[in-house]
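*Asks:* Predicted coordinates and the sequence they were generated for:
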Amino acid sequence: MAVHVSIATPSEVGQCARVIAQALSNDAVLRALIPGDNDRPERLTSLFTSILRHGPLACGVIDTARLEPGGEIIGAAAWEGPDKRRGPANALGELTRYIRAAGARHAPAVSRQLAAYQHVQPRTPHWYLADIGVSDTARGLGVGTALLTYRLSAIDAQQLPAYLEATTTANQRLYDRLGFRPVRRIETASATPTGMLRPPHRPTPP
């Protein structure tokens, strides 16, 4: 079954946020950052809508997957580009968005975890996979692989590396097949994702 990948428009950010929120709701890393089940779908959708608008939509790209052109969005991958500013103001904005979703009493834990993730990120220009999610109804159709290979080919054309955090062993195996290699385990209080880096791949000669 063919998967059609295209770039999201600003009006589609909310749909992408809902897909990502649903897909990552029980992810261990996100559970550590945003605990609790009360109003969880709404809190996560609001969080990802804000993250996508302030990060990938403004300074990167959001790719969408559909089973047919113009159809329902069944997957989304959000990338922050190499020109994204990762200074104090940007870090504070990200922290504020997470605390709004998690609640003020979780602020110290959220701050520590975000700092741990940011500490491992490369300091040289790179593309960062901020979030990726696939709808429950589209699992097993190769949607995640289609989204990743689509963007990685464009990143390779720029001869830039790509970075992400793998939160499960299954995800890590997928990323490994696509050329990502473990950089470092990220130790936090409740989860241990793995930072992974993919060097630029040169196109295969015809």
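*Replies:* Everything's here; your move.
*Asks:* residues in contact with the residue nearest the centre of the chain?
*Replies:* Nearest to the centroid of the C-alpha atoms of the chain, with distances taken as Cα atoms, centre = their mean, sits Asp131, at 1.3 Å. Residues near Asp131 by Cβ atoms under 8 Å, 6 or more residues apart in numbering: 20, 24, 48, 51-52, 76-78. For the C-beta atoms, the positions are set from N, CA and C on the backbone; glycine is no exception.
*Asks:* again, 10 Å this time
*Replies:* Asp131 is in contact with 16-17, 19-21, 23-24, 30, 48, 51-52, 55-56, 62, 76-80, 164, counting by Cβ atoms under 10 Å, 6 or more residues apart in numbering.
*Asks:* how near is the nearest residue to Ala32 once chain neighbours are set aside to Arg40?
*Replies:* Spatially, and ignoring its direct neighbours in sequence, Ala32 is nearest to Ser190 (3.6 Å; Cβ to Cβ, 6 or more residues apart in numbering). With distances taken as Cβ to Cβ, to the nearest Å, Ser190 is found 16 Å from Arg40.
*Asks:* Show me which of the two is the more surrounded one.
*Replies:* Arg40 (17 against 12; other Cβ atoms under 10 Å).
*Asks:* What confidence value was assigned to that one?
*Replies:* On the pLDDT scale, Arg40 is placed at 94.
*Asks:* any idea what sits nearest it, other than its immediate chain neighbours?
*Replies:* Arg40's closest residue in space is Ser25 (Cβ to Cβ, 6+ apart), at 6.3 Å.
*Asks:* host element of the residue nearest to the centre of the chain?
*Replies:* Here Asp131 sits within strand 127-134, counting by DSSP states H and E.
*Asks:* So Thr192: helix, strand or coil?
*Replies:* Counting by DSSP: H, G, I helix; E, B strand; the rest coil, the backbone at Thr192 sits in coil.
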